[in-house]
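Peer 1: Build the 3D model from these lines:
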Amino acid sequence: QVQLVESGGGLVQPGGSLRLSCAASGFTFSSYAMSWYCQAPGKERELVAAISRAGVRTIYADAVKGRFTISRDNAKNAVYLQMNSLKPEDTAVYYCYARTGTPLADYWGQGTQVTVSS
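Peer 2: Reported below is the predicted structural model:
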């Protein structure tokens with residue numbers, strides 16, 4: 001079955017960096033785009049960044065452009081989110097997302113908490 005397992009969250013001071021990882025299994029990873037979403041308390045889940053199957057194309061939410069970088073390693077079935085210059089407003093649970101399978105379905109990881117605070 002499809003599994004997405006995030007890691008790398010934690011507590012960091014403003015201006016600091018974190019690298020999130022998502023280990024994927026149960027589907028042909030290289031055949032699907034991957035995304036990171038975040039959900040802050042009291043807010044809806046929203047897209048942070050997405051990457052195409054081969055990693056050639058990426059998109060970012062305006063709030064993270066120039067600070068976050070999404071990447072993937074198809075040999076390792078993994079997708080990453082490098083988060084630099086973190087701000088308190090980046091505090092949220094970050095989720096790995098894939099739309100895959102036959103029929104297509106939405107899959108989410110369990111989430112990893114990122115807290116930016118001094």
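Peer 1: which residues touch residue 54?
Peer 2: 30, 74 (C-beta atoms under 8 Å, 6 or more residues apart in numbering). From N, CA and C alone the C-beta is placed, and that goes for glycine too.
Peer 1: Repeat the analysis, applying 10 Å as the threshold.
Peer 2: 30, 33, 72, 74 (C-beta atoms under 10 Å, 6 or more residues apart in numbering).
Peer 1: Same question for residue 15.
Peer 2: For residue 15, the contact set (C-beta under 10 Å, 6+ apart) comprises 84-87, 116, 118.
Peer 1: again, only this time at 7 Å
Peer 2: 85-86 (C-beta atoms under 7 Å, 6 or more residues apart in numbering).
Peer 1: tell me the secondary structure for it?
Peer 2: Here residue 15 takes the coil state, with states given by DSSP: H, G, I helix; E, B strand; the rest coil.
Peer 1: for the residue nearest the centre of the chain, helix, strand, or coil?
Peer 2: Centroid check for the chain by C-alpha atoms, centre = their mean gives residue 36 as the closest residue, at 2.7 Å. Secondary structure assignment for residue 36 (three-state DSSP): strand.
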